[in-house]
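1. this is a predicted model, with the sequence first.
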Amino acid sequence: MDWKLTDDRPIWLQLTEQLTRRIITGGYPPGSKLPPVRELAAQAGVNPNTMQRALAQLEQDGLAFADRTAGRIVTQDTAVLDAVRTAQAQVIIERYYEAMAELGYTQAQARALLKEEGQ
């Protein structure tokens, strides 16, 4: 698993985002067991407490839950997964429109370029 961490934002937040992306794209399928905190921390090269904070955020976001005997499990609630996937797509779309506006394109022009590219 390849972790990409930068110094410009809190590490735990970056870990949460990367774990979220892996969950909503099927890297960790619904109902699957997440690796233990120490294993994930070692893979990412971070302190276990930092990884613990990221995993706690996943639980708060409804993407995972703790099972006393099995560890952390990815939610099987497809509505939650779909909502998070849609929210992330909206962020990407917004970034696209902002970048295109910086180039001088209107949203309509940016949509037309996407439509043209897709043909």
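-> Cool, the structure landed.
2. by contact count, what packs against the helix or strand encompassing Ala101?
-> Taking DSSP states H and E as the definition, Ala101 sits inside helix 78-102. When contacts are defined as 3 or more CB pairs under 8 Å, 6 or more residues apart in numbering; DSSP states H and E, helix 78-102 packs onto helix 11-24, helix 107-118. Bear in mind the C-beta positions are built from the backbone N, C-alpha and C, glycine included.
3. which helices and strands does the longest one pack with?
-> This points to helix 11-24. In terms of contacts (3+ CB pairs under 8 Å, 6+ apart), helix 11-24 is packed against helix 48-60, helix 78-102.
4. let's have those helices in JSON lines, adding mean pLDDT and distance to Lys115.
-> Formatted as JSON lines, those follow (pLDDT from 0 to 100; distance: least, CB to CB, whole Å):
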{"stretch": "helix 48-60", "mean pLDDT": "97", "distance to Lys115": "36"}
{"stretch": "helix 78-102", "mean pLDDT": "96", "distance to Lys115": "13"}
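5. Leu19 is nearest to which of those helices?
-> Closest of the helices and strands packed on helix 11-24 to Leu19 is helix 48-60, at 5.9 Å (criterion: CB to CB).
6. next secondary structure after that closest one?
-> Next element after helix 48-60 (DSSP H and E): strand 64-67.
7. return the most buried member of the helices and strands packed on helix 78-102.
-> Stretch with highest mean neighbour count among the helices and strands packed on helix 78-102: helix 11-24 (a mean of 19; mean count of other CB atoms under 10 Å).
8. what average pLDDT does that helix get?
-> Averaging pLDDT along helix 11-24 yields 97.
9. tell me which residue lies farthest from the centre of this protein.
-> What lies farthest from the middle of the chain is Gly104; by CA atoms, centre = their mean that is 30.0 Å.
10. for it, which three-state class applies?
-> coil (DSSP: H, G, I helix; E, B strand; the rest coil).
11. please tell me how far the closest residue to Met100 other than its chain neighbours sits from Asp2.
-> Nearest residue to Met100 in three dimensions, chain neighbours excluded: Ala110, at 3.9 Å (CB to CB, 6 or more residues apart in numbering). Between Ala110 and Asp2 the distance, using CB to CB, to the nearest Å, works out to 31 Å.
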